[in-house]
Structures are given as C-alpha cells and as structure tokens.
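What shape does this take:
(one chain, ligands or ions: 1)
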Amino acid sequence: MTTFEKLKKCYESVKSKIDFKPEIALVLGSGLGDYADTAVDVYATLDYSQIEGFPQSTVEGHKGRFVFGYVHGVPVVIMQGRVHYYEGYPMTDVVLPARLMSMMGAKVLFLTNASGGINANFTAGDFMLITDHISNFVPNPLIGSNVDELGTRFPDMSEIYNKKLRDVIKNSANELGIKLQEGVYLQLTGPSFESPAEIRMLRTFGADAVGMSTAVEAIAANHAGMKVCGISCIANLACGMTDNPLTHAEVQEMADKAAPKFKALITECLENISDCINTGNI
Ligand code: HPA
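This is a model prediction of the structure:
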C-alpha cells in the first residue's frame, strides 16, 4: 500500500465513524494528555485503535485517541498521544496523523512537546516558542515517492513555524503574564537521552532545546500546506547542565507540574488563533 493509500484508508475509517471538520489541529505533548478533558467542549472521541491502519502509541503517559470538540466555538481536533520514531515506526507512519488531520480539514497545526533545555538562559518549567528547527539528525519524513496529492517534491522550509501564529502565541503569553522563551528545537531519534558531549555539540549547532518529536510533523504539515506553530515545555535542563542523571519519570513529573500553566497558555492561543481564522487574518 502506498503512503497515500494508507492515509486515505485511515481518513475513510475516521469519516465512517465521525463527521467533523476541524479548523485547528493540536498535538498534546507529555504532561498535557488530559488537556482536552478539561478545556474543550467535547463532541466526540476516537481511540487510535479504532482507526484501521493507524499507528498505535506505546509510550507510558501517552494516551492514544483523537478528541473532537470546540474551543470558543471553533472546531478543533486534538491528539492525546503521538507516535514517536523511537517506537520503531517508519517515518511515514510517524507523520501520518498530522497528514490525516490536514485531510480532515485542519488548516493550522499546533504542536506541543516536552523537551530538554540547551540554552543556558532556560530553566526547567519554562515554555519555549519554537521559532525554527533542526531536523537533520532524523530521517526526513518526505523521503520516498512524493505524495503529489499532498504537496510538492521539494517544499520550501523558510518559515516552518508561521510568523503570524508565532505573534499570536507571543501576544497570548503576554496577556496571561506567562514568560515565553523563544528558540530553535532540535529533534533526535531518542530513545536514549543525550550525552554531555552531544549536548555541547547541539548547542554549537544553534539548538535551544532538544526532543524526540515535532520537527518531522512540522515538515510533513508544511509539505501539506498547513500553517504550523509550536510550543515546547522545557521539562529539564539537558544532560550535563546539572549534576542529575535524567529519567523519563522526572521529565514527566516536571511536565505534569508545568501542565496547568501550559494548558492556560494553549487555551488562550487557541482562542486567539480562532479569532484570526474567523476574521480571515491567517
Ligand atoms: N532530551 C531529549 N528529549 C527530551 C528531553 C531531553 O533532555 N527532555 C524531554 N524530552
């Protein structure tokens, strides 16, 4: 089956169960799994396991379902749990959900994640607006026959994270009095955390935060013509920046701790992005 055939199959499977056309797609990172349960007027939910051919997330702390609902009247589709490359999926499967949400009708993709802070000015619990990314350490999700139905063979990546959406996010953080760092997100495959030497290398490459998701999703979404934005929760300082060894539990704990503020920020952003959509400003 081709990438597009698989995508279409998933789309038909969703369509046969739920009739919903989202405007905005939101991917929830670590700590945010229950966001949709509290902040969204839920219309329906759909477990990934109910979608034929859809990759299933295996990571602890990541649920696996779509939530369809409304935030201030605007239809949104929310992913509670994403799949990661380190789980063993081919990269085309890793980006299938982003493409699927584009196919459902979403014009905006809002990506969130937990990451390790590399920038020395960051502290654990900070939020970082993703201004750009470095994806060269993971396979490009567009490798293989181009899916012409989605986009062009050699897509431009000069503004992966949409400037207008970035401004909306900055204004939203300002309105709430939430400090928002800015920087470049770098994706690695994981699942091992980095070594101190690797973090030093990544810093010289211009990375402000490091994680195991997001960049490839942003590439696939850009390819498909979506407007993309993203916020990273700096769950820990990267390896070598403190004396503590890193554990998934610790990262999860910090992400959970930052979650209430993160949720408030996301809600404010979604409302403001919705206003922009309604007024034709995006
Ligand atoms: N490294 C990579 N991925 C991460 C980290 C980290 O330190 N923290 C959260 N996700």
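
Is stretch 15-34 positioned near the ligand?
No: Stretch 15-34 is not in contact with the ligand by Cβ under 6 Å from any ligand atom; minimum separation 7.0 Å. Heads up, the C-betas are built off the backbone N, CA and C, glycines and all.

same deal with stretch 212-231?
Yes: against the ligand, stretch 212-231 shows contacts by Cβ under 6 Å from any ligand atom at residue 212.

quick one, what contacts residue 261?
Residues in contact with residue 261, defined by Cβ atoms under 8 Å, 6 or more residues apart in numbering, are 127, 178.

Could you do residue 22 as well?
So residue 22 contacts 68, 75-77, 101, 104-106 (Cβ under 8 Å, 6+ apart).

Out of those, which is nearest to residue 211?
Within these, the smallest distance to residue 211 is 20.0 Å, found for residue 101 (Cβ to Cβ).

out of everything not next to it in sequence, what's closest to that closest one?
Distances taken as Cβ to Cβ, 6 or more residues apart in numbering put residue 25 closest to residue 101, at 3.8 Å, once the chain neighbours are dropped.

related to what we said a few turns ago, of the contacts of residue 22, keep whichever come out buried.
Among the contacts of residue 22, those classed as buried by 16 or more other Cβ atoms under 10 Å are 68, 75-77, 101, 104, 106.

Closest to the ligand out of those?
Comparing those against the ligand with Cβ to the nearest ligand atom places residue 101 closest, at 22.7 Å.

Report the contact partners of the closest one.
Residue 101 sits next to 22, 25, 77, 79, 109 when contact means Cβ under 8 Å, 6+ apart.

can you redo the buried ones among the contacts of residue 22 as JSON lines with pLDDT, secondary structure and distance to the ligand?
Shown next, in JSON lines, are those (pLDDT from 0 to 100; DSSP: H, G, I helix; E, B strand; the rest coil; distance: Cβ to the nearest ligand atom, whole Å):
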{"residue": "68", "pLDDT": "97", "secondary structure": "strand", "distance to the ligand": "28"}
{"residue": "75", "pLDDT": "95", "secondary structure": "strand", "distance to the ligand": "30"}
{"residue": "76", "pLDDT": "96", "secondary structure": "strand", "distance to the ligand": "25"}
{"residue": "77", "pLDDT": "97", "secondary structure": "strand", "distance to the ligand": "24"}
{"residue": "101", "pLDDT": "98", "secondary structure": "helix", "distance to the ligand": "23"}
{"residue": "104", "pLDDT": "97", "secondary structure": "helix", "distance to the ligand": "28"}
{"residue": "106", "pLDDT": "97", "secondary structure": "coil", "distance to the ligand": "25"}
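
Relative to residue 56, which of the residues you listed is nearest.
Distances from residue 56 to the buried ones among the contacts of residue 22, taken as Cβ to Cβ, are shortest for residue 101 (16.9 Å).

Distance-wise, check the closest one relative to residue 35.
Distance, residue 101 to residue 35, using Cβ to Cβ, to the nearest Å: 16 Å.

Cool, thanks, signing off.
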